[in-house]
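S.K.: Could you look at this predicted model? Sequence included:
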Amino acid sequence: MYLSSLKNKNVVITGCNKGIGRATLEEFSKNGASIFACVRTINVEFKKYVNYLKKKYKVNIQIIHLDLLDTKSISSCMNEIYKTTKDIHILVNNAGILFNALFQMTSEKKLKEIFQINFFSQIYLTQIISRGMAKNKKGNIIFVSSTSGLNGDEGRFAYSSTKAAIINTTKTLSKELSNYNIRVNSISPGLTKTDLMLENTNKDIIKTEVEKIPLKRIARTDEIANVIIFLASEKSSYINGQNIVIDGGYL
């Protein structure tokens, strides 16, 4: 889809090098946005991909290093962005990790790590960017949660807890930040064809779960990215504080 309201908008996207983040990066590029692509690992392949998008869609994309395990990295990331602009229109909090372990087998160290990446650092980043949005009296924040945050998948206690926290945060921030004309929404994808999901989910489980999905298939990353694009655009101007489930009708 092409949405003219996204042209030349300054967008910060985290976790752009794979999966949903990568698809989201391309969709914003198609729509003419100026993008700050925040990634933990900057490799040759990703640089080539970004250059391809820049040439194909004639857009500005700046690769920014961001390690959500390191609080100092968040400050460095924002300092780098603010050298270019202090006017951020859209933030997409996409970066995250997936971890499988039963409750009794989840160590304190691992629990802190996954919460640091999937929740605390995202909140810190959002605090910084939302202050600038508040000064400009306009902004749009989108969190990527998961259906795990709604149904509490067995064996994903830590992961599900972080995603549930994101959904609750979306509700709260939508009320607090609406005074500054900032909208806050989240999405909860179900099974999606990403390396992260395929590497951390047993094939038999995927097969069983697909049978429960009315559409009888898992989602493509572009199908998730298109919902993010919609929420980022003026086409969704009256949608606020919502968590949109994208699971093919499973829940």
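M.R.: Right, received. Where do you want to start? Residues are numbered from 1 along each chain as shown.

S.K.: With K137 as the reference, measure out to K212.
M.R.: Distance of K212 to K137, computed by Cβ to Cβ, to the nearest Å: 45 Å. C-beta here means a position set from N, CA and C on the backbone, and glycine is covered the same way.

S.K.: Counting neighbours, go ahead and name the busier of those two.
M.R.: K212 (13 against 10; other Cβ atoms under 10 Å).

S.K.: ok, and for stretch 175-183, which residues are buried?
M.R.: Buried residues in stretch 175-183, counted by 16 or more other Cβ atoms under 10 Å: 177, 182-183.

S.K.: Quick check, pLDDT for F99.
M.R.: Predicted confidence (pLDDT) for F99: 81.

S.K.: separation between it and I129?
M.R.: For F99, the distance to I129 - Cβ to Cβ - is 26 Å.

S.K.: And for K48?
M.R.: 28 Å.

S.K.: can you give me the helices for the stretch 51-200 of the chain?
M.R.: With helices called from DSSP state H, counting those that start in this stretch, the stretch 51-200 of the chain shows them at 71-82, 108-115, 121-136, 148-151, 157-177, 195-200.

S.K.: Using CSV, lay out those helices together with distance to S236 and mean pLDDT.
M.R.: Compiled in CSV, the helices of the stretch 51-200 of the chain are given as follows (distance: least, Cβ to Cβ, whole Å; pLDDT from 0 to 100):
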stretch, distance to S236, mean pLDDT
helix 71-82, 24, 96
helix 108-115, 29, 95
helix 121-136, 17, 97
helix 148-151, 21, 93
helix 157-177, 13, 97
helix 195-200, 26, 77
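
S.K.: Nice, that's everything, thank you.
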